[in-house]
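**Q** Curious how this folds, go ahead:
(2 chains)
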Protein chains: 2
Amino acid sequence: MSLAASDPSFDTQVFRFAQRMGRLKASAIREILKVTAMPDVISFAGGLPAPELFPVEQFAKACQDVLANDGPAALQYSVTEGYPPLREWVCEYLGRVNNIQCTPDQVLIISGSQQGLDLIGKVLLDPGDPVIIENPAYLGAIQAFDAYQAEYINVATDDQGVITSDLIRVLREAKRKPKLLYLVPNFQNPSGITLSLQRRKDVVAIAAEYGIPIFEDDPYGRLRYSGEALPSLTAIARSRNCVYMSTVSKTIAPGMRVAWLVILERDVFERVVPAKQAADLHTSSFTQRAVYEYTRQPGVFEAHIAEMLPVYARRRDLMLESLEHFMPSGSSWTHPDGGLFLWARVPEEVDTEELLSLASRSKVAFVPGGPFWVNRVVRNTMRLNFSNASDDMIVEGIKRLGESVRAYMAGAR
Amino acid sequence: MSLAASDPSFDTQVFRFAQRMGRLKASAIREILKVTAMPDVISFAGGLPAPELFPVEQFAKACQDVLANDGPAALQYSVTEGYPPLREWVCEYLGRVNNIQCTPDQVLIISGSQQGLDLIGKVLLDPGDPVIIENPAYLGAIQAFDAYQAEYINVATDDQGVITSDLIRVLREAKRKPKLLYLVPNFQNPSGITLSLQRRKDVVAIAAEYGIPIFEDDPYGRLRYSGEALPSLTAIARSRNCVYMSTVSKTIAPGMRVAWLVILERDVFERVVPAKQAADLHTSSFTQRAVYEYTRQPGVFEAHIAEMLPVYARRRDLMLESLEHFMPSGSSWTHPDGGLFLWARVPEEVDTEELLSLASRSKVAFVPGGPFWVNRVVRNTMRLNFSNASDDMIVEGIKRLGESVRAYMAGAR
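**A** Numbering: from 1, shown residues only, chains lettered A, B, ... in the order given. Purely as a prediction, here's the structure:
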């Protein structure tokens, strides 16, 4: 039997990955997940949280409590909108940590954030509809919106996130009214950049002026290692013209596939629910209850986050120091305040897609930046994940990466 | 806070969809919501398996074993295609119980059968594409295919399932080549009818002759209470032109949302995987492993099925006897050999949507048959679920239903 996904040889993966690079969109995440499955590669390619930090024991306790106390209901079909106590908890939680005011009937539990991207795309986008996105942008969103034949309008970003003058420009120039402004304001994937407070206020005001709904995707917001927490766009807007999405994938664990959409506009909510129902009836009754039960253990969830933060912060710092130490001059990178990724730019002459095959021989992996760019060809960028490798592997991996860049520049391919 | 849909004892899915499709009157919906709120209603309306039969303890043991032995991997992201050992088990299982020969790289684990309907629709159907379906047909399939603007060609059925001469007729008359022949050959939802062996052979031959892919949806196949097991269409066809789908929702429990597609045609498989990835990345790593672990406990799964069968068989028999006893002459119903449903026809003058409001006053509920009919208006049918109510409730509920029909015919509304 052959299951390519379970035991792939690294070279095959890189080959297939590189082969698809020209039109990587639909397959990118899949390939990346496969690369990360390899046993002895130092991978900065995935978007994986650190599995050694997962709260396995407390989650196991939550599962046992759910099955012991409410087993039949937890294993039965349930309603499309989600488990009501979990929806109530989401409201309490978002009010507490994001200052978002919502009610349970505005919360839809979904099977991971990817499903939220798909459902919002399905409901709000018709073929050819423009979507404004950051550049570089999150691949999973592009993949989801591509299925509905969205067109992308890219807005320029700098180290403070979306450049608001450029946002105004693209809105003025748009031939067709954009249907969505899709943003990852905290520690964006792939760039690691955070939208500044002033820019948040400006973006909200501009979106309101032009009547463009904001789709705020916030998977990483709780993973802040430095700087001050900033209010979400949805909290600033205090308007119904926002969809907010977050998940337990980065705070508890991704394997359960539990996330939520907060949809303030009633008629949008009422269109998304039937789409969710047609897509998978409802998210697992069992994992919803297990997540809810986990959050109910007093202090456990917040203590867990508090435990993760210094580990991730140290990994980020180690990666930044190692880049400083090992990368050739002419390279630069972002300095994220949180999340899982940073974004590096190597000298102009380096094509990171080619570099990947060189680096793979040294058993280090990253994601070439090309696929994240929308309507542009940029060859010398890459995304580096710092959450999934140990301290030693981060230092060793960046050392190998730096050597690979130098070797490439010296003529090796 | 009001979460009207939180009571899963009623098939709100069906009703909401029917309402949206204009297939149920607003007054019927109001009636249904009212009935939903009643704690003591006897409902034959849902499609729910009996929760008291769920293998809660063994499933809890499986969850604990997964988390104890492999916790971090079970809570991490995983590959889109599904957990490899579960895919291997699916092949072994389908070979053993359905005589389907497939390999793990033809198996895609999905988040419940509804997702399979959605993914196949997304990949194979363009707007206006004809899909051949039974009449009455499964509403979840119509709901999924509607999202891709399918057109339906209905093929007539009798108590042996699809009438093959009618299948040939619709194929000959089709102005545009149908993209799919969608069938639920075992104990169909809503009718409870099973496609006979000869018809299976004929359907497979006809589909091959006309080059129409068969989508075989088999959620209930293991729930056979009488008659002999029949080979699946996919096993008969031994061709790549079939997609087969089944699930653990009716054999273990639906709350985990674990099902699978077997896609024999490689290029279709390779188009469905990216669609699955765009939809939700992958099905829960944890529930996949828990289901796999459950099936590994020696003898447990088959013993569980063996334990369920006589309970469901008795409920079916009780419902059949009660119908015989309490329904007015001029009524008829199917005699399913398995599954969860039977289908009743009351005298022509009875509109079952109107009947529902009368029946609800006697605290008994069912699904009016209207929404299940494609391209036809039929008012005097209903779907009755026999798996979810206790023996006493079945007898009492059918007694009340019979009285309601008589009252309706006597002029009460």
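
**Q** hmm, who's touching the helix or strand harbouring residue A:208?
**A** Residue A:208 belongs to helix A:197-210 when assigned by DSSP states H and E. With CB atoms under 8 Å, 6 or more residues apart in numbering or on different chains as the test, helix A:197-210 has contacts from A:160-162, A:164, A:167-168, A:171, A:178, A:181, A:183, A:185, A:195, A:213-214, A:230-231, A:233, A:236-237, A:239, A:241. Every residue, glycine included, has its C-beta placed from N, CA and C.

**Q** repeat that with 6 Å
**A** A:160, A:161, A:162, A:164, A:167, A:171, A:181, A:214, A:230, A:233, A:236, A:237 (CB atoms under 6 Å, 6 or more residues apart in numbering or on different chains).

**Q** Can I get that helix as PDB, trimmed to CA atoms?
**A** Output of helix A:197-210 as PDB, limited to C-alpha atoms (Å, rounded to 0.1, in the frame of the first residue of the first chain):
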ATOM      1  CA  LEU A 197      -3.900  51.200  16.400                       C
ATOM      2  CA  GLN A 198      -4.200  54.400  14.300                       C
ATOM      3  CA  ARG A 199      -4.300  52.300  11.100                       C
ATOM      4  CA  ARG A 200      -7.100  50.200  12.700                       C
ATOM      5  CA  LYS A 201      -9.200  53.300  13.300                       C
ATOM      6  CA  ASP A 202      -8.500  54.600   9.900                       C
ATOM      7  CA  VAL A 203      -9.300  51.300   8.100                       C
ATOM      8  CA  VAL A 204     -12.600  51.000  10.000                       C
ATOM      9  CA  ALA A 205     -13.500  54.600   9.100                       C
ATOM     10  CA  ILE A 206     -12.600  54.100   5.400                       C
ATOM     11  CA  ALA A 207     -14.500  50.800   5.200                       C
ATOM     12  CA  ALA A 208     -17.500  52.500   6.700                       C
ATOM     13  CA  GLU A 209     -17.300  55.400   4.300                       C
ATOM     14  CA  TYR A 210     -17.100  53.200   1.300                       C
END
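
**Q** Next, the buried residues of it.
**A** A:199, A:200, A:202, A:203, A:204, A:206, A:207, A:210 (16 or more other CB atoms under 10 Å in any protein chain shown).

**Q** Which positions in the stretch 201-350 of chain A make contact with chain B?
**A** A:253-257, A:277-281, A:284-287 (CB under 6 Å from any CB of the partner chain).

**Q** Where does pLDDT dip in the stretch 251-400 of chain A?
**A** Within the stretch 251-400 of chain A, the set of residues satisfying pLDDT under 70 is empty.

**Q** For the buried residues of helix A:197-210, could you give me CSV that also reports pLDDT and distance to residue A:63?
**A** Below are the buried residues of helix A:197-210 laid out as CSV (pLDDT from 0 to 100; distance: CB to CB, whole Å):
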residue, pLDDT, distance to residue A:63
A:199, 98, 42
A:200, 97, 38
A:202, 97, 45
A:203, 97, 40
A:204, 97, 40
A:206, 97, 45
A:207, 96, 41
A:210, 96, 47
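
**Q** ok, so of the residues you listed, who is nearest chain B?
**A** If you rank those by distance to chain B using CB to the nearest CB, residue A:207 comes first, at 25.7 Å.

**Q** Look up phi and psi at residue A:181.
**A** phi -110, psi 100 (degrees, to the nearest 10).

**Q** ok, now the one 10 residues further on?
**A** Reported as degrees, to the nearest 10, the phi and psi values for residue A:191 are phi -80, psi -20.

**Q** helix, strand or coil for the nearest residue to it once chain neighbours are set aside?
**A** Among residues not flanking residue A:191 along the chain, residue A:343 sits closest, at 4.3 Å (CB to CB, 6 or more residues apart in numbering or on different chains). Secondary structure for residue A:343, judged by DSSP: H, G, I helix; E, B strand; the rest coil, is strand.

**Q** which residues sit in contact with residue A:343?
**A** Going by CB under 6 Å, 6+ apart, residue A:343 touches A:190, A:191, A:192, A:334, A:383.

**Q** Show me what secondary structure element comes after the helix holding residue A:208.
**A** The element immediately downstream of helix A:197-210 (helix or strand, assigned by DSSP H and E) is strand A:214-217.

**Q** Check which helices and strands that next one sits against.
**A** strand A:180-183, helix A:233-237, strand A:242-247 (3 or more CB pairs under 6 Å, 6 or more residues apart in numbering or on different chains; DSSP states H and E).

**Q** mind running it again at 8 Å?
**A** Under the contact criterion of 3 or more CB pairs under 8 Å, 6 or more residues apart in numbering or on different chains; DSSP states H and E, strand A:214-217 touches helix A:113-124, strand A:180-183, helix A:197-210, helix A:233-237, strand A:242-247.

**Q** can you list contacts of it?
**A** A:113, A:116-117, A:120, A:138, A:141, A:180-185, A:203-204, A:207, A:232-234, A:237, A:241-245.

**Q** What is the distance between that strand and the centre of its chain?
**A** 12 Å (CA atoms, centre = their mean, to the nearest Å).

**Q** cool, and stretch A:310-319?
**A** Worked out by CA atoms, centre = their mean, stretch A:310-319 lies 18 Å from the chain centre.

**Q** Pull the residues that contact it.
**A** With CB under 8 Å, 6+ apart, stretch A:310-319 has contacts from A:50, A:53, A:223, A:225-226, A:336, A:340, A:342, A:384, A:386-387, A:389, A:391, A:394-395, A:398.

**Q** Now the buried members of those residues.
**A** A:50, A:223, A:225, A:336, A:340, A:342, A:384, A:386-387, A:389, A:394-395, A:398.

**Q** hmm, back to that, neighbour count added to the contacts of residue A:343, as a markdown table?
**A** Output for these, formatted as a markdown table (neighbours: other CB atoms under 10 Å in any protein chain shown):
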| residue | neighbour count |
| --- | --- |
| A:190 | 28 |
| A:191 | 27 |
| A:192 | 27 |
| A:334 | 20 |
| A:383 | 26 |
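
**Q** if we can go back for a sec, going through the contacts of helix A:197-210, which ones are buried?
**A** A:161, A:162, A:164, A:167, A:171, A:181, A:214, A:230, A:233, A:236, A:237.

**Q** residues of the lengthiest helix in chain A that come out buried?
**A** Using DSSP state H, we find that the single longest helix of chain A is helix A:300-326. Residues of helix A:300-326 classed as buried under the neighbour-count rule (16+ other CB under 10 Å) are A:300-301, A:304-305, A:308, A:311-313, A:315-320, A:322-323, A:326.
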